[in-house]
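Trainee: Pasting a predicted model and its sequence here:
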Amino acid sequence: MRKRWIAAIVVAAAAVGGLWLGQRPLGEALYTRMAEARAGGDAVAGLPDGLHLFLCGTGSPLPDPARAGPCAAVIAGDRLYVIDVGEGASRTLARAQFPLGQLDGLFLTHFHSDHIDGLGPLMLFRWTQSSAREPLPVHAPGGVEAVIAGFNAAYATDNGYRVAHHGEAIVPPAGAGARAVPFALPPADGSPVVVLRDGELTVSAFRVDHDPVSTAVGYRFDYKGRSIVISGDTAASSAVTRNARGADLLLHDALQPRLVAALTRGLAARGAAGTAKITRDILDYHATPEEAAESARAAGVDMLILTHIVPPLPSRAFHAAFLGDAPSRYAGPIVVGEDGQFFSLPAGSDAIEREDIL
Ligand SMILES: [Zn+2]
Ligand SMILES: [Zn+2]
């Protein structure tokens, strides 16, 4: 009996050892196959002509392991734009094989840190992947000049290292960093102002309500009869409703006050009075899911996507609690945005196709 046990242990040990010994060649072979198949891939190649939206960051300043900071990418025909670039968003774009070297520009809704703190890697990826000869254009209301000057200064030393290491042909010094493209603040009454025309793409900006940030805007992208509206950070805003009228997609910020109140109570109970004040303060400058739904209904949009999710949600099981009464206020589909979601609006159709690409 004892001999049989010993034999069994020896056989098991040999099997485990064999597996262990096999891990290195197996790992190398698998990695080689994956890398050869995926490296340098392009998620945008082969898309039908139309307008497309990729969610590269659906989080907020609050730590959320599943969500990068605020970021959306809009593809209009062969033109590529990113709107806001929060922390981690550039890596999410890279993981999704979004061809950052082909990026035509970045739009910023405002200069809160969570909307700009992924700009460093975005500038770097675009430059190094494309041997860009011009800096990345960054469109935003006046004030963007100081933000971009700061980023360029912070990255100047690193840019020098890259040029010294890879050579000017691969990383031309003139293409490093970003270039501010400021536009005049749209009127306070919510009227839109066209800030870019690029082929058949028109981008309009409109002012939203994110007090004390006085220069916060939302954007509307129109291309071949399809449209996407991005609210940026805002409390319930008639400007969003007005500018989203008849749009296919409305991407709206959303904060659920009932869940944030629980967070505030926890912070206060543990003596974190300062942080508790901040979680109380933020209630007045973000829309609730219910308000976003009302805006979507009033504007008659075909789909509402919520982003800038506050507070962080540990899993999809919390979506219903986050949405609250929103589903009763808007009959169309409401999507709780997650990083990696991709929405396609083919030109010449009413279709909205959805895919998760991460
Ligand atoms: Zn903000
Ligand atoms: Zn924000």
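Mentor: Perfect, I can see it now. Ligands and ions are numbered 1, 2, ... in the order given.
Trainee: Helices along the stretch 1-150 of the chain, start to end?
Mentor: When assigned using DSSP state H, counting those that start in this stretch, the helices of the stretch 1-150 of the chain occupy the ranges 2-38, 89-95, 113-116, 119-130, 144-166.
Trainee: Can you name every helix or strand that the fourth one contacts?
Mentor: The one in question is helix 119-130. strand 79-85, helix 89-95, strand 136-141, helix 144-166 (3 or more Cβ pairs under 8 Å, 6 or more residues apart in numbering; DSSP states H and E). Every C-beta, even on glycine, is put in place using the N, C-alpha and C of the backbone.
Trainee: So for stretch 196-214, what gets flagged as buried?
Mentor: By 16 or more other Cβ atoms under 10 Å, the buried positions in stretch 196-214 come out as 196, 201-210, 213.
Trainee: is it true that Thr109 touches Asp233?
Mentor: Yes: under the criterion of Cβ atoms under 8 Å, Thr109 makes contact with Asp233 at 6.5 Å.
Trainee: where do the contact lists of these two overlap?
Mentor: Jointly contacting Thr109 and Asp233 under the rule Cβ atoms under 8 Å, 6 or more residues apart in numbering are 115, 208, 216.
Trainee: ok, the residues you listed vs ligand 2, which is closest?
Mentor: For these, the closest approach to ligand 2 (Cβ to the ion) belongs to His115, at 5.5 Å.
Trainee: Now do the same contact list for Ala68.
Mentor: Per Cβ under 8 Å, 6+ apart, neighbours of Ala68: 56-59, 86-89, 91-92, 118, 339.
Trainee: Identify the farthest-apart pair in those residues.
Mentor: Farthest pair in the contacts of Ala68 (Cβ to Cβ) is Thr58 and Arg91. Separation: 14.3 Å.
Trainee: which parts of the protein sit against ligand 2?
Mentor: 112, 114, 233 (Cβ under 5 Å from the ion).
Trainee: Grab the nearest non-local neighbour of Leu53.
Mentor: Here the nearest residue to Leu53 in space, its sequence neighbours aside, is Phe343; by Cβ to Cβ, 6 or more residues apart in numbering that works out to 4.5 Å.
Trainee: what residues are up against the closest residue to Ile170 other than its chain neighbours?
Mentor: Nearest in space to Ile170, with sequence neighbours left out and distances taken as Cβ to Cβ, 6+ apart, is Ser131 at 5.8 Å. Residues near Ser131 by Cβ under 8 Å, 6+ apart: 169-172, 175.
Trainee: just to revisit the earlier point, for Thr58 and Arg91, work out which one has more neighbours and name it.
Mentor: Between Thr58 and Arg91, counting by other Cβ atoms under 10 Å, Thr58 is the more crowded of the two (31 against 16).
Trainee: And the residue in the stretch 201-350 of the chain positioned nearest to ligand 1, how far from Leu122?
Mentor: Minimum separation of the stretch 201-350 of the chain from ligand 1 (Cβ to the ion) falls at Asp233, amounting to 3.5 Å. Distance of Asp233 to Leu122, computed by Cβ to Cβ, to the nearest Å: 19 Å.
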